[in-house]
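# quick one: sequence and predicted model below, then my questions.
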Amino acid sequence: MIYTDFSMEKDGFVGHMVEPEKNNTNHVVIVIMGGEKSIVSGIKVSERFADFGIIGISVSLFGAEGLPKYVDRIPLEMFEPVIKYLRNVKNVKSISVYGLSMGTVYAALVAKYINGIDNVILCSPSHVPFEGSNTKRKCMTGHSSVTYRGKEIPYVSPDFFHSGFMAKYVYDEEAGRKVTNMWKIYRNAYKDKKNEKLASFHLETSSARVLLIAGTGDEVWPSDYSCRYIKYELDKAKYNRDYKMILYPKASHLIGIMPSKERNKWLYRIVPIIGLIYRSFSRNKKECMEALKQSEKEIINWIMCN
């Protein structure tokens, strides 16, 4: 594989590109996982795309030189030079944007606001942006977590810092199962229906093909609800591009493209430890592992058939 790094000072964005040396299909995926040091490495996800002949370019949102320190007022326009580079320098056939978890907020908005995206793939998605947060000061910022050309994009406001320990598991009557306190924080933020509607991605105003993937056992936030919300808006608008929603029964928050098992055996050895945090992996390991396998196939097929 061929590796290329990008910096904000030189290139206008922070990124890490992985190109397959053989069987290059000339498709590219912009991978958005979160910060420069995400729990699931964007570089390793890019490597997995390269295993299928697809160029992967992981773009960091925060935590590197020239980027915001926290998830707060992250400028979408930094994706414009990414797309310009891929079109004009790499001359790629198609550009997809892939987001997992919080990365889906930025993946969806890139597809909406910036021209040149052919596919948007959202795994364990949200359907709205959120208020920014400052983990050092342990407070919400009162600003959007995302901006475009200096304008803050509408958001909803989960309160992470006054709602108890976020990883604590509690039984929720509405969900009918145990979820994390974080799950409840997000769900409660969606109850402000006026702000929820205003902040919705409204992907029906984009021009990309849309693939939505989630597990109904997601314990981090209600991603199956977000999938249904997005699909309802696409249905209502009679969206004229291909779109598809896949919900895997009992599957966890971790879904979609994961680092190569052969290349990262150590990661798969700690699945039992992951199960302490993502309890769906403890209760429903078979369903979770099958969802990882099947969702990867769906994503690769979605990109390659474009």
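Yep, that arrived.

# as a check, name the ranges of all helices in the stretch 101-250 of the chain.
Taking DSSP state H, counting those that start in this stretch, the helices of the stretch 101-250 of the chain run over residues 103-113, 181-189, 193-199, 223-237.

# count of neighbours near the closest residue to S58 other than its chain neighbours?
In space, and not counting its chain neighbours, S58 is closest to G42: 3.0 Å by CB to CB, 6 or more residues apart in numbering. From N, CA and C alone the C-beta is placed, and that goes for glycine too. Neighbourhood size, G42 [other CB atoms under 10 Å]: 28.

# same check, this time on the one 10 residues further on
Residue neighbour count, defined by other CB under 10 Å, stands at 18 for F52.

# what of Y85?
That count, for Y85 with other CB under 10 Å as the rule, works out to 18.

# list the contacts of the closest residue to N195 other than its chain neighbours.
Nearest non-adjacent residue to N195, counting by CB to CB, 6+ apart: V156, 5.1 Å away. V156 is in contact with V128, P129, F130, E131, A189, Y190, D192, N195, E196, A199, counting by CB atoms under 8 Å, 6 or more residues apart in numbering.

# rewinding a little: I'd like the helices of the stretch 101-250 of the chain written out as CSV, with mean neighbour count and distance to M245 added.
Listed next are the helices of the stretch 101-250 of the chain as CSV, based on neighbours: other CB atoms under 10 Å; distance: least, CB to CB, whole Å:
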stretch, mean neighbour count, distance to M245
helix 103-113, 26, 13
helix 181-189, 19, 19
helix 193-199, 14, 19
helix 223-237, 19, 5
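
# with respect to G53, which of these lies nearest?
Closest to G53 of the helices of the stretch 101-250 of the chain, according to CB to CB: helix 103-113, at 21.3 Å.

# between helix 223-237 and that closest one, find me the angle.
Our comparison of helix 103-113 with helix 223-237, counting by axes from the mean of the first three to the mean of the last three CA atoms, to 10 degrees, yields an angle of 20 degrees.
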